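1. My questions are about this predicted structure, shown below with the sequence.
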Amino acid sequence: MLVSPEAYPQKVTEDGSYTFFSTEFGECYHSTSGAREEAEKKFILSSRLAAKADQSNNLKILDICYGLGYNTAAALAAIWRVRGDCRVELLALESDQMVPLAAIRENLLNSWSQPIPEYLSDFAHNHRLDLPNLTAKLLIGDARQTITKVIEAGFQAEAIFLDPFSPGKCPQLWTVEFLALVAKCLSPTGYLVTYSCAASVRRALQLAGLQIGATDSVGRRSPGTIASFLSLPPSLSAQEREHLQTKAAIPYRDPTLTDPAEVIIQRRRTEQALCDLEPTSHWKKRWQRAVSSIEISV
């Protein structure tokens, strides 16, 4: 299967690792502050996979928007560093089967130790693996539909990586309805992690029955989000909690799980215009004044 280099322009990020730029969404696949760093810290460290591997010899992972495969590669490395015999079961969702192939063609996974690049090369080409320490399936298509296969399989993940393009560019995968389906795939003791701290995303996760917390910022000022059925120690700050009481927290909705992005975005705008929640600009100004007063007093 031929992959055109022009279709997936490479971008070097600040940690020296590479990502692709999506001409469809107008965004890079990873943070430009560091693609590998984002995978290892924002997703793997936040999901506590190393600690889970220390306590279990079998872990299940759901990678939503598999892309170049960095999150999966980083997860396998972290798990097997702790417990080399840990068996990993992976389900990965991806809309564009050419992206993983392009990453393999450009040798972008070769910075990880073998056999991880070899395994994920086979995975990109064959969409499945059946090895003693790794079973995996790559489900190609709209994640709003392929997630139903995960649910039907009774798959309960200890870690879910939620890594679509940003809510403003790809609202389809940040809606109340989609995240409710994703929550069905999370084990009672598992963690869902995402780079997004958008109030709309956090509110949708709450509506799915999950507790939410903030993860450490990586390479930029904004933190990410962790969600679980468990209570989470890093509770949201007062500023973040108040953000969830503003118009920004109106979530994206997609009742039939088939609407295009522009319809989902317009539906949210209409709901925001009709609601009586505090305008987000007022919240922002209030907290800017609070920070300024603290700086003056110091």
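-> Okay, I see it. Owing to the predicted nature of the structure, the values given are computational and were not obtained by experimental measurement.
2. mind listing the strands for the stretch 1-150 of the chain?
-> Secondary structure of the stretch 1-150 of the chain (DSSP state E, counting those that start in this stretch): strands at 10-12, 18-22, 27-28, 58-64, 87-94, 128-131, 134-140.
3. a helix runs through Leu205, doesn't it?
-> Yes - under DSSP: H, G, I helix; E, B strand; the rest coil, Leu205 falls within a helix.
4. Any idea how many residues pack against it?
-> Counted by other Cβ atoms under 10 Å, the residues lying close to Leu205 total 27. For glycine as for every other residue, the C-beta is placed from the backbone atoms N, C-alpha and C.
5. Surely it and Val193 touch.
-> No - look at Leu205 against Val193 with Cβ atoms under 8 Å: they stay out of range, at 10.9 Å.
6. Determine the residues that are contacts of both of the two.
-> Counting by Cβ atoms under 8 Å, 6 or more residues apart in numbering, the residues touching both Leu205 and Val193 are Thr225, Ala227.
7. Tell me which stretches of the stretch 1-150 of the chain form helices.
-> Counting by DSSP state H, counting those that start in this stretch, the segments of the stretch 1-150 of the chain that form helices are 35-37, 46-47, 49-55, 70-82, 98-105, 116-126, 143-152.
8. now for the ones you listed, which one comes closest to Asp276?
-> Set against Asp276 and scored by Cβ to Cβ, those come closest in helix 143-152, at 30.6 Å.
9. Endpoints of stretch 171-181, how far apart?
-> Stretch 171-181 has an end-to-end distance of 15 Å (Cα to Cα, to the nearest Å).
10. Check which residues of it are buried.
-> Residues of stretch 171-181 classed as buried: Pro171, Gln172, Leu173, Trp174, Thr175, Val176, Glu177, Phe178, Leu179, Leu181 (neighbour count, 16 or more other Cβ atoms under 10 Å).
11. now swap in stretch 117-126 and tell me
-> By 16+ other Cβ under 10 Å, the buried positions in stretch 117-126 come out as Pro117, Tyr119, Leu120, Ser121, Asp122, Phe123, Ala124.
12. ok, now stretch 15-22?
-> Neighbour-count burial for stretch 15-22 flags Asp15, Ser17, Tyr18, Thr19, Phe20, Ser22 (criterion: 16+ other Cβ under 10 Å).
13. any chance of these in a markdown table, plus pLDDT?
-> Shown next, in a markdown table, are these (pLDDT from 0 to 100):
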| residue | pLDDT |
| --- | --- |
| Asp15 | 94 |
| Ser17 | 95 |
| Tyr18 | 97 |
| Thr19 | 97 |
| Phe20 | 97 |
| Ser22 | 96 |
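14. winner for burial among the helices of the stretch 1-150 of the chain?
-> Mean neighbours per residue, mean count of other Cβ atoms under 10 Å, is largest over these for helix 46-47, with a mean of 26.
15. Give the other helices and strands that that helix contacts.
-> Where contact means 3 or more Cβ pairs under 8 Å, 6 or more residues apart in numbering; DSSP states H and E, helix 46-47 is packed against strand 186-194, strand 224-228.
16. will you turn the strands of the stretch 1-150 of the chain into JSON lines that also has distance to Gly34?
-> JSON lines is the format used below for those (distance: least, Cβ to Cβ, whole Å):
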{"stretch": "strand 10-12", "distance to Gly34": "10"}
{"stretch": "strand 18-22", "distance to Gly34": "9"}
{"stretch": "strand 27-28", "distance to Gly34": "11"}
{"stretch": "strand 58-64", "distance to Gly34": "19"}
{"stretch": "strand 87-94", "distance to Gly34": "22"}
{"stretch": "strand 128-131", "distance to Gly34": "27"}
{"stretch": "strand 134-140", "distance to Gly34": "25"}
